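[1] For reference, the sequence and a predicted model appear below.
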Amino acid sequence: MSRQLKKLAKKDRLIEAAYELFLEQGSDNVSIQEIADRAGIAKGTFYLYFHDREELKSCIIAQKSNALFRSAISALHQTQIYDFEDQIIFIIDYIIEVLATQQDFLRLITKNLSLGVFNQRLAEVLEVQPDIADMLTAAAEKSGLRLKNPRILLFMIIELTSSTCFSCILDHEPVELAVYKPYLFDVIRQMIRAGTDDSSANLLL
């Protein structure tokens with residue numbers, strides 16, 4: 001194995017070890033030593049890859065969030081949904097349902113789902129390509145859909161979804177998730193229409 005591949009393997013081991021420990025104990029209760037021990041790596045080696053525990057946590061959120069969005073888009077490709085609004089609703093609903101079944105991960109991201117999509121620096125560190133926002137923007141442009149600002153629109157939708165569903169899923173407040181989702185989807189549709197110059201256009205991802 002080349003030196004570069006060995007470095008990547010160690011980084012991956014640190015990320016996976018930390019992810020497991022964060023889910024088991026909560027990110028605030030895990031030390032760097034514990035992460036290094038779980039990964040089978042010397043503590044000093046940790047600092048060759050990450051400045052501190054919080055940077056590692058941010059990288060985990062970025063990696064897992066990107067994987068979640070890619071899974072949602074892959075699932076969308078298996079459908080016959082062509083309307084832009086319906087596609088966005090499908091993706092958001094898919095993500096919500098995953099988070100509802102993975103509540104430990106939801107607690108880890110603590111309303112910061114957008115970090116994994118929009119933090120370009122972390123995406124570069126993790127070599128996560130292509131960027132999710134860029135994928136959706138490119139698809140919109142290819143379809144001829146005229147969005148006023150695709151990245152801001154997507155950011156707003158993700159922020160709204162993650163911040164409000166956090167309470168519904170974990171605390172059932174202000175209502176149960178099933179009751180809340182129709183209201184959320186109505187607002188998302190309104191946001192899309194407000195951010196679209198031609199709301200009649202369709203998008204095929």
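    Sure, I can see it. Residues are numbered from 1 along each chain as shown.
[2] Residue nearest the middle of the chain, spatially speaking?
    In the chain, the centroid-proximal residue (Cα atoms, centre = their mean) is residue 65; its distance is 2.4 Å.
[3] Quick check: residue 176 touching residue 167?
    No: Residue 176 sits out of contact with residue 167 when judged by Cβ atoms under 8 Å, with a separation of 11.2 Å. Using the backbone N, CA and C atoms, a C-beta is placed for each residue, glycine as well.
[4] if you count what's nearby, which of the two comes out ahead?
    With neighbours defined as other Cβ atoms under 10 Å, residue 176 and residue 167 compare such that residue 167 has more, 15 against 11.
[5] Quick check: that one vs residue 179, distance?
    13 Å (Cβ to Cβ, to the nearest Å).
[6] can you check residue 29 too?
    Distance, residue 29 to residue 179, by Cβ to Cβ: 33 Å.
[7] Could you look up the SS state of the residue nearest to the centre of the chain?
    Secondary structure assignment for residue 65 (DSSP: H, G, I helix; E, B strand; the rest coil): helix.
[8] Looking at it now. What's its pLDDT?
    Listed pLDDT for residue 65 reads 85.
[9] from what I can see it touches residue 106, true?
    No: the pair formed by residue 65 and residue 106 falls short of the contact definition of Cβ under 8 Å, at 11.3 Å.
[10] those helices in the chain, which residues are they?
    Along the chain, the segments classed as helices by DSSP state H run 3-25, 32-39, 43-46, 53-77, 84-101, 103-109, 115-118, 120-125, 132-143, 150-171, 177-194.
[11] name the helices or strands packed onto the last one?
    Translated: helix 177-194. The contact analysis (3 or more Cβ pairs under 8 Å, 6 or more residues apart in numbering; DSSP states H and E) places helix 177-194 against helix 84-101, helix 150-171.
[12] got the angle for the first one vs helix 177-194?
    Calculated by axes from the mean of the first three to the mean of the last three Cα atoms, to 10 degrees, helix 84-101 forms an angle of 150 degrees with helix 177-194.
[13] and residue 50, how many residues sit next to it?
    20.
[14] ditto for residue 30
    Neighbours around residue 30, by other Cβ under 10 Å: 21.
[15] Which residue, other than its chain neighbours, is closest to it?
    Nearest non-adjacent residue to residue 30, counting by Cβ to Cβ, 6 or more residues apart in numbering: residue 21, 4.5 Å away.
[16] so who does that neighbour touch?
    Contact partners of residue 21, counting by Cβ atoms under 8 Å, 6 or more residues apart in numbering, are 30, 34-35, 38.
[17] make it 6 Å
    Neighbouring residues of residue 21 by Cβ atoms under 6 Å, 6 or more residues apart in numbering: 30, 34, 38.
[18] wait, isn't residue 39 in contact with residue 14?
    Yes: between residue 39 and residue 14 a contact is recorded at 4.9 Å, counting by Cβ atoms under 6 Å.
[19] mind giving me the domain ranges of this structure?
    Domains of the chain are assigned by automatic domain parsing as 1-50, 67-194.
[20] Let's have those domains in JSON lines, adding distance to residue 59.
    Shown next, in JSON lines, are the domains of the chain (distance: least, Cβ to Cβ, whole Å):
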{"stretch": "domain 1-50", "distance to residue 59": "6"}
{"stretch": "domain 67-194", "distance to residue 59": "6"}
